[in-house]
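J.: Sequence and predicted structure, then a few things I'm wondering about:
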There are 2 protein chains.
Amino acid sequence: MIDVTLLGTGGMLPKKDRWLASCLISCGGHSILIDCGEGTQIALKCAQRKTKPIDLICITHFHADHISGLPGFLLSMGNEGRTEPVTIAGPEGIEKIVRNLCIIAPQLPFEIRFADLHDSAGFVSGSLNINSYKLNHSIECIGYNFELPRSGKFDIAKAEKNGIPKSLWSQLQREGRVFSGDKLYTYDMVSSGPRRGIKISYCTDTRPCASIVPAVRDSDLFICEGLYYDDEKFSRTAEKGHMIFREAAGIAKEAEVKRLWLTHFSPALDNPEDGLEQARKTFPETYCGYDGMSITLTYHD
Amino acid sequence: MIDVTLLGTGGMLPKKDRWLASCLISCGGHSILIDCGEGTQIALKCAQRKTKPIDLICITHFHADHISGLPGFLLSMGNEGRTEPVTIAGPEGIEKIVRNLCIIAPQLPFEIRFADLHDSAGFVSGSLNINSYKLNHSIECIGYNFELPRSGKFDIAKAEKNGIPKSLWSQLQREGRVFSGDKLYTYDMVSSGPRRGIKISYCTDTRPCASIVPAVRDSDLFICEGLYYDDEKFSRTAEKGHMIFREAAGIAKEAEVKRLWLTHFSPALDNPEDGLEQARKTFPETYCGYDGMSITLTYHD
């Protein structure tokens, strides 16, 4: 089970009624914050979420609207009594950027660890597998996938064929591996093979590019930027390294995702919903994100 | 005439219903921003003020709640088409701090100039005389005075005594100085001597200390921090280098200011007004600041 909450859905400038694009992904008692623009610490409170479970912050790129809230956010974590380390992942150079910003937050009561993510890096956080992929923006920018894997069903025939003692079956199912005598038994010895898990993809800021469709293929939830919906705004949007709603919908369709949430709306866009009908012509399962929008994703059966 | 607006009145953490302490002072088409915590760019819009007239930003100290909004604020100024330089004044080291923070805003379309303010520095901005004085906080911190001077009345007897040709009187009054033939005439030759102008003082964050009373003496408006009002919170407040309402009121009384606006309330203080009655026992002209609180100060007669 994964909870996903859009803390903010604005791009470029924070507005009094729309926080900057940021997302919280929670699974098994751990939370991951994606991006932290100015005001994200307030957006988190507005969404009635806590800093405590956040042990990973994934930054997409180093434009101010995606990272300038970080010193304040980290200070808030400290004020709330945090002593456990926090990992901050992002494009190459993340440590230098964060150290520069944190010149005004020099005495945090917890350790910060850094993960420099190159072209296509994969790592594990709690029960989630995370991988990043390169996007196409005006500066280096990465997208993220978060996947909760699901092991196979217990296969009695396979267990018997592999000669696994019946007395160990339930422990093996519960714990994944069991030592008995001098032997190690693992769950794959009794499993029918992995099943479809849950996959969430997050893409902002970017032009459509070759890396996105294969990366986000088959996602249960594809969160993607849509700066504007109007075709008249297309050139201006593309020039700035962004995309419009129908481009995001086109990617969603091609990658056969289950649903698309649009985010990172231009501050000039008062009613993103006005562009929804057109986007749904390309991909019917398109939704406009809003601050506080939330979903709980579970396994498919 | 000077307009003063409190953009935010919160301390330590931004809240959804109270922006971080920040103030806008406007006079003769120029504006000065004091402090710029996270969200100040939104607070400015909420108060229906513009970035365009702001050509000076005065920073009191380098704690995040007073400066972390600066990169976003400067980017907003750029987005609004600014090309004219902006001066940022603050305690020694201001340039290094701002350059560090602006690693995420590397290409501003205007020049930033810096003014390192030592113990007691004075400078002029537009028609205002500004001076700073050292406060007593956990890190180096300065208070600011903003004074609009007022020249004396035209004194006919003095003009005649000094032999100023009558034909130059109105030009001298208008322009302050006139060359005629090989002689320079200045307004002080016809003036009864300077009159009381308008003075505004801004003090946060600090414990009461010896420098404050003489610096803010006789201010028309003394804006001062009050983190809490409750005496039970006194030790905790003092430990952190802050003051409570009655201490600010005590300074206001001793310095014979005209009125006191309290600001920089603790995020735990939901209703600062609850502490007003007690503070007014010390200094009746005490008011609790609120976001957007505004006053226009004019000469006294």
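T.: Okay, I see it. From a predicted model like this one, the values you see are computed outputs, not experimental measurements.
J.: Stretch A:177-190: end-to-end distance?
T.: Length of stretch A:177-190, first residue to last, C-alpha to C-alpha, to the nearest Å: 11 Å.
J.: Mind listing residues that contact that stretch?
T.: Residues from elsewhere that reach stretch A:177-190 (C-beta atoms under 8 Å, 6 or more residues apart in numbering or on different chains): A:151-152, A:154-155, A:158-159, A:162, A:164-165, A:168-169, A:171-173, A:176. Any C-beta I mention is one placed from the backbone N, CA and C, and that applies to glycine too.
J.: Tell me the gap between it and the middle of its chain.
T.: Distance, stretch centre to chain centre, for stretch A:177-190: 34 Å (C-alpha atoms, centre = their mean, to the nearest Å).
J.: Ok, stretch A:108-127 next?
T.: 13 Å.
J.: which residues in the stretch 1-150 of chain A form helices?
T.: According to DSSP state H, counting those that start in this stretch, the stretch 1-150 of chain A carries its helices in the segments A:40-46, A:64-67, A:70-79, A:94-101.
J.: Pipe those helices into a markdown table and attach mean pLDDT per row.
T.: A markdown table is the format used below for these (pLDDT from 0 to 100):
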| stretch | mean pLDDT |
| --- | --- |
| helix A:40-46 | 97 |
| helix A:64-67 | 97 |
| helix A:70-79 | 96 |
| helix A:94-101 | 97 |
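J.: Same question for the residue in the stretch 151-300 of chain A positioned nearest to chain B, what's its three-state structure.
T.: Of all residues in the stretch 151-300 of chain A, residue A:267 sits closest to chain B, at 9.1 Å by C-beta to the nearest C-beta. Per DSSP: H, G, I helix; E, B strand; the rest coil, the local secondary structure of residue A:267 is coil.
J.: picking up where we left off before, return a ChimeraX selection command for the buried portion of the contacts of stretch A:177-190.
T.: Buried residues among the contacts of stretch A:177-190 (16 or more other C-beta atoms under 10 Å in any protein chain shown), as a ChimeraX selection:
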select /A:158,159,164,168,169,172,173
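J.: Let's see which of the contacts of stretch A:177-190 end up in strands.
T.: Among the contacts of stretch A:177-190, none falls in strands (DSSP state E).
J.: out of the helices of the stretch 1-150 of chain A, nearest to residue A:117?
T.: Nearest of the helices of the stretch 1-150 of chain A to residue A:117, taken as C-beta to C-beta: helix A:94-101 at 7.9 Å.
J.: packing partners for that closest one?
T.: In terms of contacts (3 or more C-beta pairs under 8 Å, 6 or more residues apart in numbering or on different chains; DSSP states H and E), helix A:94-101 is packed against helix A:70-79, strand A:86-91, strand A:112-117, helix B:94-101.
J.: Now with 6 Å, please.
T.: Packing partners of helix A:94-101 (3 or more C-beta pairs under 6 Å, 6 or more residues apart in numbering or on different chains; DSSP states H and E): strand A:112-117.
J.: Can you give me the buried ones in the strand it packs on?
T.: Using 16+ other C-beta under 10 Å as the test for burial, strand A:112-117 gives A:115, A:117.
J.: With stretch A:245-262 instead?
T.: Residues A:245-255, A:257, A:259-262 are the ones in stretch A:245-262 that count as buried (16+ other C-beta under 10 Å).
J.: Out of those residues, flag the one nearest to residue B:122.
T.: residue A:262 (53.1 Å).
J.: okay, now the closest residue to the closest one other than its chain neighbours: neighbour count?
T.: Residue nearest to residue A:262 in three dimensions, not counting chain neighbours: residue A:226, with 4.1 Å by C-beta to C-beta, 6 or more residues apart in numbering or on different chains. Residue A:226 has 32 neighbours, counted by other C-beta atoms under 10 Å in any protein chain shown.
J.: Tell me the residues of chain A that contact chain B?
T.: A:14, A:16, A:38-39, A:42, A:46, A:62, A:64, A:67-68, A:71-72, A:75, A:97, A:100, A:103-105 (C-beta under 6 Å from any C-beta of the partner chain).
J.: so the residue nearest to residue A:262 makes contact with residue A:249?
T.: No - counting by C-beta atoms under 6 Å, residue A:226 sits too far from residue A:249 to count as a contact (8.4 Å).
J.: so where's the stretch 101-250 of chain A uncertain?
T.: For the stretch 101-250 of chain A, applying pLDDT under 70 flags the ranges A:119-120.
J.: just the strands in it please.
T.: For the stretch 101-250 of chain A, the strands defined by DSSP state E, counting those that start in this stretch cover A:112-117, A:122-125, A:128-134, A:142-150, A:177-180, A:183-186, A:195-203, A:221-225.
J.: right, and those strands - which one's nearest residue B:135?
T.: Across these, residue B:135 has its closest neighbour in strand A:112-117 (30.4 Å, C-beta to C-beta).
J.: Now do that closest one: which elements does it pack against?
T.: For strand A:112-117, the elements it packs on are strand A:86-91, helix A:94-101, judged by 3+ C-beta pairs under 6 Å, 6+ apart.
J.: Pick the most buried one from the ones you listed.
T.: strand A:86-91 (a mean of 21; mean count of other C-beta atoms under 10 Å in any protein chain shown).
J.: Could you quantify the relative orientation of that strand and helix A:94-101 as an angle?
T.: Interaxial angle, strand A:86-91 versus helix A:94-101 (axes from the mean of the first three to the mean of the last three C-alpha atoms, to 10 degrees): 110 degrees.
J.: List the neighbouring strands of strand A:86-91 plus their orientation.
T.: Strand A:86-91 has the following strand partners under DSSP bridges: strand A:54-58 (parallel), strand A:112-117 (parallel).
J.: Now do the last one and strand A:142-150, the angle between them.
T.: This points to strand A:112-117. Between strand A:112-117 and strand A:142-150, the angle comes out at 100 degrees (the same axes, to 10 degrees).
J.: list the contacts for the residue nearest to residue A:113 when sequence neighbours are not counted?
T.: Using C-beta to C-beta, 6+ apart and skipping the chain neighbours, the partner closest in space to residue A:113 is residue A:87 (4.6 Å). Residue A:87 sits next to A:56, A:113, A:115 when contact means C-beta atoms under 6 Å, 6 or more residues apart in numbering or on different chains.
J.: Would you format those residues as JSON lines with distance to residue A:198 included?
T.: Shown next, in JSON lines, are the contacts of residue A:87 (distance: C-beta to C-beta, whole Å):
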{"residue": "A:56", "distance to residue A:198": "17"}
{"residue": "A:113", "distance to residue A:198": "26"}
{"residue": "A:115", "distance to residue A:198": "22"}
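J.: Name the nearest of those relative to residue B:134.
T.: Using C-beta to C-beta, those come closest to residue B:134 at residue A:113, 38.3 Å.
J.: separation between the closest one and chain B?
T.: Distance of residue A:113 to chain B, given as C-beta to the nearest C-beta, to the nearest Å: 20 Å.
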